[in-house]
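Build the 3D model from these lines:
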Amino acid sequence: MSDNTTLNAGSGGDVIATDDIGGIKHQLVKIEYGDADSATQVSASNPLPVSLASVPSHAVTNAGTFATQAAQSGTWNITNVSGTVSLPTGAATAAKQPALGTAGSASADVVTVQGIASMTALKVDGSGVTQPVSGTVTVTPSGTQTVSGTVAVSTVNSVAPAFGSGVRGATVQRVTVATDDVVPVSQSGTWTVQPGNTANTTAWKVDGSAVTQPVSGTVTANMGTVTADPFGANADAASATGSISAKLRFIASTGIPVTGTVTVGSHAVTNAGTFAVQESGTHVQADDAAFTPATSKVTMAGYTADDTSTDSVDEGDGGAARMTLNRKQITQPYESEANNWVYAGATGGLVNTTAVTIKAAAGAGIRAYITSLQLMNSHATTGTEIVINDGSAGTAIWRGFVPPLGGLSATFPVPLKSTANTLLEVKEATATATTGVLVSVQGYLGS
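Below is the predicted model of the structure:
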């Protein structure tokens with residue numbers, strides 16, 4: 001059985017809280033306390049007051065944890081302590097004390113020593129003044145130094161310079177010769193020789209000497225321009241009869257005339273190039289012309305397979321008929337199956353006046369069309385008007401009424417349509433509460 005109990009169930013009395021345990025109702029009661037004419041409910045913030053005045057004394061055993069308070073102040077001497085005693089945070093312990101080492105030996109602990117404050121270096125007296133230095137001091141100069149007198153150079157970049165004659169080597173410094181000096185040169189190696197002019201553009205003269213030379217081998221000669229009329233201005237005018245020049249001119253302009261029968265051997269024709277094909281007219285039926293059975297010729301019509309991905313044509317275009325992939329002609333009155341859509345409402349149907357979307361916006365330029373719908377009211381006493389809106393809380397494009405426990409089925413020869421890229425919704429005008437109106441809708445998408 002269920003929890004809670006209705007008092008005087010026949011007339012709809014108050015409901016009291018009960019807990020059903022094995023078919024027996026146990027009443028649930030809230031505890032309150034207070035003096036006469038007042039009541040305070042017991043809660044976490046208002047606990048039930050309890051007095052211990054009437055509670056008898058009890059023996060206490062040494063078990064569990066006791067919170068002990070002591071009134072003694074001043075210094076305590078604690079002896080005979082076992083276990084671990086926790087010290088306050090930061091208290092000094094033996095582990096934190098540096099171990100003093102043995103003189104002359106390194107210590108494992110490190111003790112940092114500083115000056116007055118902030119890690120100032122320790123002062124080593126002399127006392128902060130210039131101290132005399134004995135022995136050898138190496139000074140490394142920086143920047144440009146002024147040198148007077150004679151300077152003897154023994155090395156340059158750790159290489160001893162060579163003077164006098166000799167050859168240049170890896171350990172001998174290079175010497176730069178001024179461009180206006182004369183340096184004696186002895187000929188050796190490969191020399192580049194040019195003609196007398198400075199720019200080295202004059203060709204070397206190879207004597208024959210500037211006369212025609214014999215040539216052997218192959219010589220390619222380019223033919224000069226051929227005149228348009230090779231017969232000359234004085235040749236006879238073109239004519240099929242007359243002089244040789246007249247006939248040649250005639251052939252050049254008209255081709256060779258052929259009379260009589262010319263026999264040409266057979267030739268294989270390959271399917272290459274462009275062929276001009278003409279229809280004799282016997283297979284074309286003129287518009288609005290008489291058709292004679294078994295005499296007039298027609299061209300067999302074919303269909304385009306268009307089962308899933310349909311395409312569209314423009315106004316005034318011709319178009320091929322459509323068929324499914326198994327060669328069945330598509331003759332449905334609206335769009336192809338690929339563009340169809342259906343809506344089946346949720347279990348329980350519409351139960352209040354809140355609108356429900358039956359088709360979401362389909363995209364730019366696309367409308368949702370409704371071709372048919374079915375309604376069934378499962379409420380026993382309440383009938384309601386059903387409205388279909390174009391857009392959220394938009395314009396009503398259809399209204400109908402379903403009586404209690406009744407239904408309605410509608411087919412639209414002129415389909416209902418939404419605005420492009422706009423949803424369609426359905427709603428009740430009168431709420432049917434817990435038992436609602438079942439809705440089913442069919443349609444398609446199109447432009």
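
how is this structure carved up into domains?
For the chain, automatic domain parsing gives the domain ranges 5-36, 337-446.

Can you give me the first-to-last residue distance of the last one?
What that stands for is domain 337-446. 12 Å (CA to CA, to the nearest Å).

Reformat the domains of the chain as TSV; add mean neighbour count, distance to residue 251 and mean pLDDT.
C-beta: built from backbone N, CA, C; applies to glycine. TSV is the format used below for the domains of the chain (neighbours: other CB atoms under 10 Å; distance: least, CB to CB, whole Å; pLDDT from 0 to 100):
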stretch	mean neighbour count	distance to residue 251	mean pLDDT
domain 5-36	10	124	82
domain 337-446	16	68	93
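
can you list these in JSON lines and add distance to residue 326?
Converted to JSON lines, those look like this (distance: least, CB to CB, whole Å):
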{"stretch": "domain 5-36", "distance to residue 326": "63"}
{"stretch": "domain 337-446", "distance to residue 326": "13"}
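
Please name the nearest non-neighbouring residue to residue 32.
residue 39 (4.3 Å; CB to CB, 6 or more residues apart in numbering).

what number of residues lie near that neighbour?
The tally of other residues near residue 39 (other CB atoms under 10 Å) stands at 10.

Can you tell me how far it is from residue 412?
Using CB to CB, to the nearest Å, one obtains 67 Å as the distance from residue 39 to residue 412.

Please apply the same query to residue 148.
The separation that residue 148 has from residue 412, given CB to CB, amounts to 118 Å.

How about residue 31?
Remark: distance between residue 31 and residue 412 (CB to CB) = 67 Å.

got it, and residue 329?
24 Å.

What of residue 56?
From residue 56 across to residue 412, the span is 90 Å (CB to CB).

Over to residue 432?
For residue 432, the distance to residue 412 - CB to CB - is 25 Å.

again, but for residue 241
Taken as CB to CB, the span from residue 241 to residue 412 is 88 Å.

Please apply the same query to residue 253.
In terms of CB to CB, residue 253 sits 77 Å off from residue 412.

likewise residue 5?
Residue 5 is 54 Å from residue 412, by CB to CB.

before we move on, what about residue 405?
According to CB to CB, residue 405 and residue 412 sit 25 Å apart.

swap in residue 269?
From residue 269 to residue 412 the distance is 60 Å (CB to CB).

Next up, the contacts around residue 42.
Listed by CB atoms under 8 Å, 6 or more residues apart in numbering, the contact set of residue 42 reads 30-33, 48.

try 7 Å
Contact partners of residue 42, counting by CB atoms under 7 Å, 6 or more residues apart in numbering, are 31-33, 48.

Just flag the most distant two among those residues.
Farthest apart among the contacts of residue 42 by CB to CB are 32 and 48. That separation is 9.4 Å.

shaky segments in the stretch 201-350 of the chain?
201-211, 221-235, 257, 279-283, 300, 309-310, 336 (pLDDT under 70).

All the helices of it, in order from the start?
For the stretch 201-350 of the chain, the helices defined by DSSP state H, counting those that start in this stretch occupy 244-254.

Now the phi/psi pair for residue 443, please.
Main-chain torsions, residue 443, degrees, to the nearest 10: phi -170, psi -160.

so it bridges to which residues?
residue 341, residue 370 (DSSP bridges).

That one: what's it in contact with?
By CB under 7 Å, 6+ apart, the neighbours of residue 443 are 341, 359, 368-371, 415.

Correct me if wrong: residue 40 contacts residue 32.
Yes. With contact defined as CB atoms under 7 Å, residue 40 counts as touching residue 32 (6.1 Å).

Partner strands of the helix or strand where residue 19 lies, with direction?
Using DSSP states H and E, residue 19 sits in strand 18-21. Strand 18-21 has the following sheet partners, assigned by DSSP bridges: strand 24-27 (antiparallel).

Report the separation between the two terminal residues of stretch 46-56.
The separation between the terminal residues of stretch 46-56, taken as CA to CA, is 26 Å.

oh sorry, the question was meant for stretch 351-359
19 Å.

got it, and stretch 424-443?
11 Å.

For residue 337, see how far away the nearest residue to residue 342 once chain neighbours are set aside is.
The shortest distance from residue 342 to any non-neighbouring residue, by CB to CB, 6+ apart, is to residue 442 (5.1 Å). According to CB to CB, residue 442 and residue 337 sit 12 Å apart.
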